[in-house]
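Novice: Pasting the sequence and the predicted model now:
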Amino acid sequence: MSLIVAIDIGGTQLRVAVFPRSGTTPLVVQKTATRGLEDGVYERLTALIDSVWPTEEVVDAISVAVPGPTNPYSGVIISTPNIPAWTDFPLAELLSRRYRVPAYLGNDANLAALGEWKYGVGQGHHDVLYITISTGIGGGVISSDMLVVGWHGLATELGHVTVLPGGPVCSCGVRGHLESVASGPAIARYVSEEITAGRRSNLQPGPHLNAYAVAEAAKSGDELAKEAYGRAGGFIGQALSDFLHVFNPSIVIFGGGVTQAGSLILDPIRESMTRNIMNPSYMDGLQLATVKLGDEAGLLGALAQAHIRLSGAK
Ligand SMILES: [Zn+2]
């Protein structure tokens, strides 16, 4: 039996799974703490791979999901916020040399899109838009059955489009990006700022406040909390209508912790999309769905990437 080794580099955990070439159920999964701010992340990763590496079967490829900008052609991690030492880090080449098999890298949001398309809620669609809204906002696009990756592999940073010129500074340093006004921390920050400015709410302002607490308050009737989700949903819908104009997908798949607030965020998103769309045809039959793969999206996305790359496609 030939095998694929899939790896998910998470902010808190490194996970490795061994899949049969012909299946989606892993034969073995192992994990360890990333401890990205400490030395030795690469050594921890290779020790983890060594612990599952088969002694008899043949491994056809290693495929890795990386959080952060990654060049899928060269296999170099450009940067990854949780592991500062991995800047311009040639992970694919190092793994390929050590294990003597092809190794492929992809951005984790792009690969989650690929995983949902191949094995999740996007199956059967040819044009898929996936957006994940949590601490940050990311995404991936399948267009005519191809993952959109772009010239340097940097395409579809869906959180880094301007929706509020001159707005808050984004994690990338630019003002007014979608991520700066609609991510989980942005929702909590908006509530904190409004309370400090004199608005009434049952929530306590400050850095401890998070989007989950805001969602709970909104569900028990807190007007400011509801408004914060409505405002974020408005911006997300504004950006999504732009993405519909560009990509014309048949399904939009929502992932990430913020979308677990359900109708609190999805209703304002739908309302804003309808208001901002240039022509109702874009929404005609458009499916809005939430992710099916959950925590497995990274590993299954990496598996999908291995199959595509081994078949000779980009
Ligand atoms: Zn940005």
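Specialist: Looks like it came in fine.
Novice: Can you name the residues that contact residue 60?
Specialist: 2-4, 21, 101-102, 306, 310 (Cβ atoms under 8 Å, 6 or more residues apart in numbering). Backbone N, C-alpha and C define where each C-beta goes, glycine included.
Novice: tell me the SS of it?
Specialist: strand (DSSP: H, G, I helix; E, B strand; the rest coil).
Novice: How about residue 275?
Specialist: With three-state DSSP as the criterion, residue 275 reads helix.
Novice: Which per-residue confidence value corresponds to the nearest residue to residue 152 once chain neighbours are set aside?
Specialist: Among residues not flanking residue 152 along the chain, residue 71 sits closest, at 5.9 Å (Cβ to Cβ, 6 or more residues apart in numbering). For residue 71, the pLDDT comes out at 95.
Novice: quick one on the thing from earlier: quick one: which of the contacts of residue 60 is nearest the ion?
Specialist: residue 306 (29.8 Å; Cβ to the ion).
Novice: sorry, back to before: so who does the residue nearest to residue 152 touch?
Specialist: 78, 105, 152-154.
Novice: In strands only, show me the residues you listed.
Specialist: residue 105 (DSSP state E).
Novice: Find the helix or strand that residue 270 is a member of.
Specialist: helix 263-276 (DSSP states H and E).
Novice: my read: residue 98 touches residue 43, true?
Specialist: No. Between residue 98 and residue 43 there is no contact under Cβ atoms under 8 Å: 11.2 Å.
Novice: of those two, who's got more company?
Specialist: residue 98 (14 against 9; other Cβ atoms under 10 Å).
Novice: any idea how far that one lies from residue 187?
Specialist: 43 Å (Cβ to Cβ, to the nearest Å).
Novice: Buried residues of the helix holding residue 270, list them for me.
Specialist: 264-266, 268-270, 272-273, 276 (16 or more other Cβ atoms under 10 Å).
Novice: C-alpha coordinates for it, CSV please?
Specialist: Provided in CSV are the C-alpha atoms of helix 263-276 (Å, rounded to 0.1, in the frame of the first residue of the first chain):
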residue,chain,number,x,y,z
SER,A,263,-27.7,33.7,12.5
LEU,A,264,-26.3,36.5,14.7
ILE,A,265,-23.5,36.9,12.0
LEU,A,266,-24.9,35.1,9.0
ASP,A,267,-28.2,37.1,8.8
PRO,A,268,-26.4,40.5,8.5
ILE,A,269,-23.9,38.9,6.1
ARG,A,270,-26.7,37.8,3.8
GLU,A,271,-28.6,41.1,4.1
SER,A,272,-25.4,43.1,3.3
MET,A,273,-24.6,40.8,0.3
THR,A,274,-28.1,41.4,-1.1
ARG,A,275,-27.7,45.1,-0.6
ASN,A,276,-24.2,45.4,-2.2
